[in-house]
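Trainee: Dropping the sequence and predicted coords here.
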Amino acid sequence: MSSPVRFRPARSPLLEFILHFSTLGIYSCFWFYYVVREFKYITQRSLTPFMWFFVPWFFLAQLLALPTWFNELQTTEKQLRLKPKWPSVVNVLWAASFICATLFLLVAQYVEFPEIYWLSVLIFTATLMSLLQLRINPIRETVQDVEFISRYKGFSFFEWCYLFLSVPFILFIVYTILSTASILTDIEAVEADSEYVDTEKAYKVAVSQTQWKRVKIGTYSDGTALEELKGPANDMYFLIFNNGENQTLNSMAQWRISQVYDEVSNPQCTEQREYVPSTLNVKAEVVCTGTVLGDSILITSTLLSIDGEIYEMYGNFSAVKYTFEQYKNEFLTMAKGFGAYDEN
């Protein structure tokens, strides 16, 4: 007679790590559900497995749920006469570590962190989950009179396909994040409350914020920019172009606006023009707002006609809520600070 609960076979902690990491924690929800369901069958205690599906995502729930989970784990091991693989103090450290990682992900919805931090936390939480597999495997290997799902090495055909496909994807993501961090090396820090002037003295940029840096040409552009400046936030930069004599302020402004409407959700753009004081130069300012994947975005295009040529400082700033509000006004001020160089 088969048991009402079909148990999953013991699994490789390494392959479990890949599933937890590559699904960004979604697999962890199913993992808790299936394990608690097995706990309930072995101990005959009053547990609600589907409620545990939500534990990996909710910080406040973890404060109560994780200590309870380890109590159920110890009860199950005791009933099967298994010796725990680590002392109770490690359970506390595990729970505290997982809660801190979830808290980081919660805060990161409002405050921006470097991408390498995200990668580190995802690796850390996947490692924590794979360590739990070391506690679950002996239970599944010891329990008697239950029906196990027939799977090769504990994984279904679909899971094996996913594992093979996800490994190159993981390597690509890790490589991209690490290589991006190495590419964004500054050539020269730009001091706050100063003016940055190009080598040929055609234009200047009034820098009002701290932590702005010159980066290598091609970091953000296709290599055609004259200068590239990176701001203190992850996706925050200015590109300076010389669009030559074949363009006009009107054509460039309209092209930037149409580009925003094609690429940004909920776009809103404004445009204004003015004469630069004490000169015959004309300046056009385009400011566009919208959202990209839920984050606010600010795109600016400050255009100058200097000696018949159109110079542009293109700005892009996208961030989560708190970081966006923190830097938005200073970003706009810096965009307005693009002007023709005057030796006087």
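Mentor: That came in fine, so what should we check first?
Trainee: Ile149 is in contact with Arg11, isn't it?
Mentor: No. Using Cβ atoms under 8 Å, Ile149 is not in contact with Arg11, being 11.3 Å away. C-beta coordinates here come from the backbone N, C-alpha and C atoms, glycine included.
Trainee: which of those two has more neighbours?
Mentor: Shown here are Ile149 and Arg11; by other Cβ atoms under 10 Å, Arg11 has more neighbours (20 against 11).
Trainee: Secondary structure element for that one, which one?
Mentor: Assigned by DSSP states H and E, Arg11 falls within no helix or strand.
Trainee: Also Val286?
Mentor: Going by DSSP H and E, Val286 is part of strand 282-292.
Trainee: Summarise which helices and strands that strand is packed against.
Mentor: Packing contacts for strand 282-292, counted by 3 or more Cβ pairs under 8 Å, 6 or more residues apart in numbering; DSSP states H and E, involve helix 249-263, strand 265-275, strand 295-306, helix 321-336.
Trainee: what is the rounded mean pLDDT of that strand?
Mentor: Mean per-residue pLDDT for strand 282-292: 92.
Trainee: what comes up buried for it?
Mentor: 283-290 (16 or more other Cβ atoms under 10 Å).
Trainee: quick check, distance from that strand to the centre of its chain.
Mentor: Relative to its chain's centre, strand 282-292 lies at 25 Å (Cα atoms, centre = their mean, to the nearest Å).
Trainee: For the residue lying closest to Asp235 once chain neighbours are set aside, which residues are in contact?
Mentor: Leaving aside its chain neighbours, Asp235 sits nearest to Ser318 (4.5 Å; criterion: Cβ to Cβ, 6 or more residues apart in numbering). Under the criterion of Cβ atoms under 8 Å, 6 or more residues apart in numbering, the neighbours of Ser318 are 235-236, 292, 295-298, 324.
Trainee: same check, this time on Ala225
Mentor: By Cβ under 8 Å, 6+ apart, the neighbours of Ala225 are 217-218, 239-241.
Trainee: Mind doing that once more with 6 Å?
Mentor: 217, 239, 241 (Cβ atoms under 6 Å, 6 or more residues apart in numbering).
Trainee: Can you check what pLDDT the model gives it?
Mentor: pLDDT, Ala225: 92.
Trainee: the domain parsing of the protein - what is it?
Mentor: Domains of the chain are assigned by automatic domain parsing as 6-181, 186-340.
Trainee: Select from those domains the stretch with the lowest mean pLDDT.
Mentor: domain 186-340 (a mean of 85).
Trainee: That one: how far from the chain's middle?
Mentor: 24 Å.
Trainee: Any buried residues in the one helix or strand the residue nearest to Asp235 maps to, and which?
Mentor: Assigned by DSSP H and E, Ser318 belongs to strand 309-319. Within strand 309-319, the residues that qualify as buried by neighbour count (16+ other Cβ under 10 Å) are 310-319.
Trainee: Okay, angle between it and helix 321-336 too, please.
Mentor: On the basis of axes from the mean of the first three to the mean of the last three Cα atoms, to 10 degrees, strand 309-319 is oriented at 170 degrees to helix 321-336.
Trainee: May I have the strands that pair with strand 309-319, each with its orientation?
Mentor: strand 235-242 (antiparallel), strand 295-306 (antiparallel) (DSSP bridges).
Trainee: Helix 249-263 and that strand, what's the angle between them?
Mentor: 20 degrees.
Trainee: send the alpha carbons of strand 309-319 over as PDB?
Mentor: Output in PDB follows, covering the C-alpha atoms of strand 309-319 (Å, rounded to 0.1, in the frame of the first residue of the first chain):
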ATOM      1  CA  GLU A 309      28.500  72.200 -34.900                       C
ATOM      2  CA  ILE A 310      26.000  70.500 -32.600                       C
ATOM      3  CA  TYR A 311      27.400  69.300 -29.300                       C
ATOM      4  CA  GLU A 312      25.200  67.100 -27.000                       C
ATOM      5  CA  MET A 313      25.500  66.000 -23.500                       C
ATOM      6  CA  TYR A 314      23.100  63.000 -23.200                       C
ATOM      7  CA  GLY A 315      22.200  61.900 -19.700                       C
ATOM      8  CA  ASN A 316      20.600  58.600 -18.400                       C
ATOM      9  CA  PHE A 317      19.700  58.000 -14.800                       C
ATOM     10  CA  SER A 318      17.600  55.000 -13.700                       C
ATOM     11  CA  ALA A 319      17.300  53.700 -10.100                       C
END
